[in-house]
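> sharing a model that was predicted from the sequence below.
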Amino acid sequence: MNKFIRVDMTTLEVKTEEVPEKYIGLGGRGLTSNFVADEVKPTCHPLGKNNKLIFAPGLLSGTSAPNSGRISVGAKSPLTGTIKESNSGGSFSQKMARMGIKALVIEGIPKDDKFYVIIVTMDGVTIEEAPEEILGGVGNYKAIEVLSEKYGQKVGIAIAGPAGEYRLPTANISFKDPEGNIRSAGRGGLGAVMGSKKVKALVIDDTGAGAVPIADVEKFRSAAKVFAKALMDHPVSGEGLAAYGTDVLVNIINEAGGFPSYNFTTGRIDHNDNISGETLNATITERNGEGKVAHGCHPGCVIKCSQWYPDKKGKYITSGFEYETIWGLGGDSGIKDLDDIAYIDRAMDDVGVDSIEIAVAVAVAMEGGLLPWGDGKAVLDVVEQIAVPTPMGRIIGGGTSIVGKLCGLFRVPVVKDQGIPAYDPRPIKGIGLTYATGTMGADHTFGYCISGNILSIGGSIDPLKKEGQIEYSRAMQIGTAAVDTTGMCLFVYFGIADSPEGYQALIDMINAQYGLSLTAEDVDKLGENILKVEREFNKAAGFTNAHDRLPEFFEYEPLPPHNVVWDFTPEEIDEVYNF
């Protein structure tokens, strides 16, 4: 990949440059975080002219490596004020890589008030005014359909929905998947950054592109086979996720007593079977029609944790129906009907908002009396209001922290203003350390300690005890930063954590593609360096160790059924980044 494309929205000019030398060995999050640290003023307003938005494929994107289709997007976050990388499936990353594009950067703000579409082909980059029929509250499903008809059914699309147009801090960037449905770079409000730059959509057409160059083809193929086998042989990545999706975790986390419900007041619910992965599977299977139990979010996915969830007549409602969304609406907000949750999930995709942040905000709004507990119809209505937007739509679209302040609440589950997802930190202490110390606000994918705390993958650490958690969260954060740089789906961890051969195969694929001789120690060092760069940016933006803390109520409100509290001291929390 040898092209570094810059789009200046102030002048509407495009420059294609050689890749800066320091970025040659980077991709995905490693590239986006280093770029943001190098070129974005840490104290800038995230929606102002000095923020920049960067799209980058991973090191292995565009190759035949299984599950290597993630795209990373980076900027300063409007939600948290920190550095941010958010990644997504779809076909965008693979098309960029095949076209030789290392990164695409959007900078500046237009002088007029028009929205634009950026079109990237093998012939170059053009900027056009966005069609009226995709603006002004038009949902993502319709907008993607219009753009596909205009530019080709096989193009890749990244789009800011209505929430992005209105620059709401929960706005995501949605990506067209191979079937024309929606995947999202959800967390951190990067859709608002895209909207601030008046970019409604990016369209990428790789017609005429060749294969991604590989230095040692045979070595690469051999390593890819070993890697794929490791993924398929593991019971989680090879069986469980394809059968039940990520929603397989509902019964597991509920049984563990770490399923935060009714705005983090209990760790267990009694309607878990209504919303579990097993019920999800049975419902899709029974309804048949357009439903699919297993589906890949990008070409080359072998795990297939996604699915197509249909209505009672077998008609498609939504895909990528994730555990965290189902938890947030079904557990944290008390909605007991899986169909209601599916329609809300679709609506969130359509307006272009982070389904985790909105779900956590909804639960806080319910405690604050703005919405009735467990009322799926009321939640669907308020999510749809974001496309207008009504005052209530803006309030919910403002995110958890804003809703908590407006409702005068102290039980507001956020870190650095980002909603805490899906796993309560009191009885699952490793994930609590990840939430507290992550450079991008509370984020389970930043260092997925559920693997060792609950699933006993890659080791087993008692989730109720403090012993070993600091070292474990640190190691998971380092490893995740490295994986995010490759363009791999995070779920490859399940396959390689218990397979030294699988982990080595991942490194071997990188070496074979680029003619390198990286070791496991080199990969760890890469992850460490990314975290250091991100923390330095945050420090310059005004963040200190005092921001690496969980909300105070976790310290004095015991969570049933284990009736435990968050008991790490500030000094112990600060040890996570003692490397």
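Good, I have the coordinates.
> what sits against the closest residue to L455 other than its chain neighbours?
Closest residue in space to L455, ignoring its immediate chain neighbours: V236 at 7.0 Å, by C-beta to C-beta, 6 or more residues apart in numbering. Where C-beta positions appear, they are placed from N, C-alpha and C, glycine not excepted. Listed by C-beta atoms under 8 Å, 6 or more residues apart in numbering, the contact set of V236 reads 455, 457, 494.
> helix/strand/coil for the last one?
Three states are possible here, and by DSSP: H, G, I helix; E, B strand; the rest coil the one that applies to F494 is helix.
> count the residues that sit near it.
Around F494 there are 25 other residues, counting by other C-beta atoms under 10 Å.
> got a pLDDT number for it?
At F494 the predicted local confidence, pLDDT, stands at 89.
> tell me the contacts of it?
231, 234, 236-237, 241, 451, 457.
> and these, which two are furthest apart?
Greatest spatial distance in the contacts of F494: L231 and S451, 14.7 Å, computed using C-beta to C-beta.
> returning to that earlier point: just the contacts of V236 now: which is nearest A163?
Nearest to A163 among the contacts of V236, with distances taken as C-beta to C-beta, is F494, at 31.9 Å.
> next one: that closest one from P66, what distance?
As judged by C-beta to C-beta, to the nearest Å, F494 and P66 stand 13 Å apart.
> overlap in contacts, the two.
Contact criterion C-beta under 8 Å, 6+ apart; residues shared by F494 and P66: L231.
> most neighbours among the contacts of F494, please name it.
Neighbour counts for these (other C-beta under 10 Å) peak at S237, which has 28 neighbours.
> doesn't it lie inside a strand?
No: per three-state DSSP, S237 lies outside any strand segment and is helix.
> hmm, it is touching D498, no?
No: if you go by C-beta atoms under 8 Å, S237 and D498 don't touch, sitting 10.2 Å apart.
> what's V364 in contact with, if anything?
Taking C-beta under 8 Å, 6+ apart, we find V364 in contact with 263, 400, 403-404, 407, 409, 411-413.
> what do you get if the cut-off is 6 Å, keeping everything else the same?
V364 makes contact with 263, 400, 403-404 under the criterion C-beta atoms under 6 Å, 6 or more residues apart in numbering.
> give me the element the residue sitting furthest away from the middle of the chain is part of.
The outermost residue of the chain, judged against the average C-alpha position, is E218 (33.0 Å), by C-alpha atoms, centre = their mean. Using DSSP states H and E, E218 sits within helix 217-233.
> got it, and S33?
S33 belongs to helix 28-39, assigned by DSSP H and E.
> A211: how many residues sit nearby?
Using other C-beta under 10 Å, A211 has 11 neighbouring residues.
> ditto for L53
For L53, the count of nearby residues is 26 (other C-beta under 10 Å).
> surely it is in a strand?
Yes: counting by three-state DSSP, L53 falls inside a strand.
> who's it bridged to?
I106 (DSSP bridges).
> tell me who's in contact with it.
L53 is in contact with 75, 106, 193-194, counting by C-beta under 6 Å, 6+ apart.
> buried subset of the residues you listed?
75, 106, 193-194 (16 or more other C-beta atoms under 10 Å).
> can you put these in TSV and add secondary structure and pLDDT?
What follows is the buried ones among the contacts of L53, written out as TSV (DSSP: H, G, I helix; E, B strand; the rest coil; pLDDT from 0 to 100):
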residue	secondary structure	pLDDT
A75	strand	98
I106	strand	98
V193	helix	98
M194	helix	98
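> closest to G48 out of the residues you listed?
Using C-beta to C-beta, V193 comes nearest to G48 of those, at 9.9 Å.
> isn't that closest one up against A75?
Yes: under the criterion of C-beta atoms under 6 Å, V193 makes contact with A75 at 4.7 Å.
> got any residues that touch both of those two?
51, 53.
> pull the residues that contact stretch 539-553.
So stretch 539-553 is contacted by 42-43, 411, 416, 425, 436-437, 566, 573-574 (C-beta under 6 Å, 6+ apart).
> so which of these is the most crowded?
Busiest of those [other C-beta under 10 Å] is P425, holding 30 neighbours.
> and it, helix, strand or coil?
coil.
> that one and N453: what is the separation?
Per C-beta to C-beta, P425 is found 10 Å from N453.
> just A541 next, same as before
Using C-beta to C-beta, A541 is found at 31 Å from N453.
> between those two, which has more neighbouring residues?
Applying other C-beta under 10 Å to A541 and N453 shows that N453 carries more neighbours, namely 29 against 17.
> residue contacts, that one?
So N453 contacts 428, 430, 461, 463 (C-beta under 6 Å, 6+ apart).
> now do the contacts for C407.
Residues counted as contacts of C407 (C-beta under 6 Å, 6+ apart) are G368.
> before we move on, the earlier item: list just the nearest of the contacts of V364 to G189.
G189 lies nearest to T400 out of the contacts of V364, by C-beta to C-beta, at 12.1 Å.
> check what pLDDT that closest one gets.
Looking at T400, its pLDDT stands at 98.
> number of nearby residues for the closest residue to it other than its chain neighbours?
In this structure, T400 finds its nearest non-sequential neighbour in G419, 4.0 Å apart by C-beta to C-beta, 6+ apart. By other C-beta under 10 Å, 31 other residues sit near G419.
> go on, K150?
15.
> does it lie in a helix or a strand, and which?
Applying DSSP H and E, one finds K150 within helix 140-151.
> which residues sit against that helix?
So helix 140-151 is contacted by 133-134, 157, 159, 161, 174, 176, 182, 201, 203, 350, 352 (C-beta under 6 Å, 6+ apart).
> next SSE after that helix?
strand 156-159.
> counting neighbours, which bits of stretch 34-43 end up buried?
Buried residues in stretch 34-43, defined by neighbour count with 16+ other C-beta under 10 Å: 34-37, 40, 42.
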